[in-house]
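[1] Let me see the structure of the following:
(one chain, ligands or ions: 2)
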Amino acid sequence: MASPITIFKNDELLFEATNIQEAARYLADHLNTTKSKYYDPIERGYVYSIPYYDKEDKYLFVASEEIATIRRKQLEERGHENARRVWLVPANPKEYDLASAFSHYDIIDWKRSYNYENGDILFIYVSGNVQRVRYKVEVIEGLVRTNNIAYNATFWKDEEKLEQSKTWDWTRIRLIDEIDTTDLSLAKLREHGVKGNIQGSMKLTGQLRDYIMSFFESDLTQGYYPDEVSETLEEGKRKTIRVNVYERNPIARKQCMAHYGVQCQVCGLNFEDTYGEVGKDFIHVHHIVPLHEIQQDYIVDPIQDLIPVCPNCHAMLHRKENGVYLSIEQLRQRVVNTI
Ligand SMILES: [Zn+2]
Ligand SMILES: [Zn+2]
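    Ligands and ions are numbered 1, 2, ... in the order given. Purely as a prediction, here's the structure:
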């Protein structure tokens, strides 16, 4: 199947290829090298928005959202072999309260101790008295400069570190899944190939990588939310987050769905019943508390504050009628009246 890939050089259109072979051939001619060199960069480029650099020049590869999504899915099924790099990254809970940060945000900024790139997967090992791999995150922006970081001092335990951190480079990460199991304790990791303590980031490969990966969901939220249901957090909170983070938080979602199930709580739609296998486990989660009412120390209650709804009902919950949002109950009433 033809998959049109557009190549940009320094943000200007360079070439439109009908498929990856053609794109690679064009680049090889353009840069006077061999074509096989470019398959990986092109693929990483259009699937994960990773630029490719040749000397001072920046190349971008862009495919349609649909093609990128399909390819991303295929790569996800194969564990992103060759496409994504996977890291084991230690986190010290005495310096930064990651658990609390992730209960507020699904996107946070993290120290860039290696040259992480968009699409890399990090498994975060929490040291101190936790000593387990607890989080799977995806790098969504490899390099974020210090002046674009919104510091949230509440999560920092160590003020000296917080001060130091103002000179670091950062990486923006998105939480994919969280787990708490003794199978991912330091002792178990050692049985699967970790030597000594986990003190710095290490690239994961082979059996250890597969072992850790097997405990986590591949991706719980990617592609679930259309832009129409986005909300902007008010001034003073992190600028980078444009969707209601509570609705995307994988931890809160999991707990909400465990309580209510995956049926729309307004109209009763169950995606798997209606659409079959493709609808399995699909549902939006709506955050009931209006964002402007949220205080700095708010922690989402997955059962009181969140509710599973289908995208149609979800969209209606985010629209206003005569300036006010309809409640779940009001909406339910209207659905009942039309059946
Ligand atoms: Zn519904
Ligand atoms: Zn919502």
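[2] Check the residue in the stretch 51-200 of the chain that ligand 1 sits nearest to and give its pLDDT.
    Closest to ligand 1 within the stretch 51-200 of the chain is D106: 23.3 Å, counting by CB to the ion. C-beta here means a position set from N, CA and C on the backbone, and glycine is covered the same way. D106 is assigned 79 on the pLDDT scale.
[3] Tell me how many other residues crowd it.
    25 (other CB atoms under 10 Å).
[4] Quick check: R334 is in a strand.
    No - counting by DSSP: H, G, I helix; E, B strand; the rest coil, one finds R334 to be helix, located in no strand.
[5] all strands in the protein, in order from the N-terminus.
    For the chain, the strands defined by DSSP state E occupy 5-9, 12-17, 52-54, 57-62, 86-91, 107-111, 121-126, 132-144, 170-178, 202-203, 284-287, 306-309, 320-321, 324-325.
[6] I'd like those strands written out as TSV, with distance to R209 added.
    Formatted as TSV, the strands of the chain follow (distance: least, CB to CB, whole Å):
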stretch	distance to R209
strand 5-9	29
strand 12-17	32
strand 52-54	25
strand 57-62	26
strand 86-91	5
strand 107-111	20
strand 121-126	9
strand 132-144	12
strand 170-178	15
strand 202-203	9
strand 284-287	30
strand 306-309	33
strand 320-321	48
strand 324-325	45
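[7] Would you format the ones you listed as JSON lines with mean neighbour count included?
    Shown next, in JSON lines, are these (neighbours: other CB atoms under 10 Å):
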{"stretch": "strand 5-9", "mean neighbour count": "19"}
{"stretch": "strand 12-17", "mean neighbour count": "14"}
{"stretch": "strand 52-54", "mean neighbour count": "13"}
{"stretch": "strand 57-62", "mean neighbour count": "18"}
{"stretch": "strand 86-91", "mean neighbour count": "20"}
{"stretch": "strand 107-111", "mean neighbour count": "22"}
{"stretch": "strand 121-126", "mean neighbour count": "22"}
{"stretch": "strand 132-144", "mean neighbour count": "21"}
{"stretch": "strand 170-178", "mean neighbour count": "22"}
{"stretch": "strand 202-203", "mean neighbour count": "14"}
{"stretch": "strand 284-287", "mean neighbour count": "23"}
{"stretch": "strand 306-309", "mean neighbour count": "24"}
{"stretch": "strand 320-321", "mean neighbour count": "8"}
{"stretch": "strand 324-325", "mean neighbour count": "11"}
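[8] Can you tell me which residues in the stretch 151-300 of the chain are near ligand 1?
    By CB under 5 Å from the ion, the residues of the stretch 151-300 of the chain that approach ligand 1 are C264, V266, C267, L269.
[9] Out of the residues you listed, give me the one that has the most neighbours.
    Neighbour max across those (other CB under 10 Å) = V266, 26 neighbours.
[10] residues in contact with that one?
    V309, C310, C313, M316, L317, I328, L331, R332, V335 (CB atoms under 8 Å, 6 or more residues apart in numbering).
[11] who are the neighbours in contact with the fourth one?
    Taking CB under 8 Å, 6+ apart as the definition of contact, the neighbours of M316 are V266, L326, L331.
[12] Where does pLDDT dip in the stretch 151-300 of the chain?
    For the stretch 151-300 of the chain, the stretches with pLDDT under 70 are 151, 218-245, 291-292, 296.
[13] ok, back up a step: now the two most distant members of the residues of the stretch 151-300 of the chain next to ligand 1.
    Pairwise distances across those (CB to CB) peak at 8.6 Å, for the pair V266 and L269.
[14] any common contacting residues for those two?
    Contacts common to V266 and L269, judged by CB under 8 Å, 6+ apart, are C310, C313.
[15] Go ahead and confirm S49 touches E117.
    No - S49 is beyond contact range of E117, at 9.9 Å (criterion: CB atoms under 8 Å).
[16] Which neighbours do those two have in common?
    With CB under 8 Å, 6+ apart as the test, S49 and E117 reach no residue in common.
[17] Which of the strands of the chain sits closest to E160?
    strand 107-111 (14.6 Å).
[18] Distance to E76 for the residues of the stretch 151-300 of the chain next to ligand 1 - can I get that in TSV?
    Output for those, formatted as TSV (distance: CB to CB, whole Å):
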residue	distance to E76
C264	26
V266	31
C267	30
L269	26
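[19] That concludes my questions; thank you for your assistance.
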